[in-house]
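Engineer: Please find the sequence and the predicted model below.
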Amino acid sequence: MQTLFKYTLILSIVLLFTACSSKNPPLQTVEKVDLNKYLGTWYEIARFEHFFERDCKNVTANYSILDDETIKVINRCTKITTNEKGEAQGRAHAIDETNSKLKVSFFRPFYGDYWVLILDKDYNYAVVGTPSREYLWILSRENKIPASVKNEILQKLPTLGFDTSKLIWTIQE
């Protein structure tokens, strides 16, 4: 029992120092998100590549209210190589009153960060990422964005600490 306590204590200390140290400066989110305006379908314009979206095209995310504190999330994609359609369902909840920082889970009890970093005043496009800068998505209400919007986003991302060369531009048909 004492050995288990020692290992738990050591692990806790390591996790504390790891969690408190970051190579990235704090990440600024938008001031406020009106969840009612954010609900609905978003098309993925670009992303940082990760295993759960590898080989995906026609990627969408749909957000709807599940209850007072929970948002239902449905992500869909079509595999480029097989045209097989896939879907993942999850849940999200805001962690503060701004609604700009959310926790999302597709595999409860594990939650990940979903921070709204850029949001069009009319909710036509959004950029979502994580404080670690490991995940990033450019989303739009339409399956394409104007070049001027794309350029504006690409100019802003490096100031937020994101490497734009890592973006994968999603095929939307």
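Structural biologist: Structure's in. What do you need? Numbering: from 1, shown residues only.

Engineer: Can you show me the strands along the protein?
Structural biologist: 40-48, 56-67, 70-79, 85-94, 101-107, 110-119, 125-129, 136-140, 167-169 (DSSP state E).

Engineer: Give the rounded mean pLDDT of the shortest one.
Structural biologist: In this model, strand 167-169 has a mean pLDDT of 98.

Engineer: Residue numbering should commence at 302 henceforth.
Structural biologist: Happy to do that; since the first residue is 302 now, the last one works out to strand 468-470.

Engineer: Show me what I366 is bridged to.
Structural biologist: I372 (DSSP bridges).

Engineer: about what we covered before: in TSV, list the strands of the chain along with mean neighbour count.
Structural biologist: (C-beta placed from N, C-alpha, C; glycine too.) As requested, those are exported to TSV (neighbours: other Cβ atoms under 10 Å):
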stretch	mean neighbour count
strand 341-349	19
strand 357-368	16
strand 371-380	17
strand 386-395	15
strand 402-408	16
strand 411-420	18
strand 426-430	23
strand 437-441	23
strand 468-470	15
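
Engineer: To V331, which of those strands lies closest?
Structural biologist: Each of the strands of the chain has some distance to V331 by Cβ to Cβ; the shortest is strand 411-420, at 4.7 Å.

Engineer: next one: the closest one to chain centre, how far?
Structural biologist: The chain centre lies 5 Å from the centre of strand 411-420; the measure is Cα atoms, centre = their mean, to the nearest Å.
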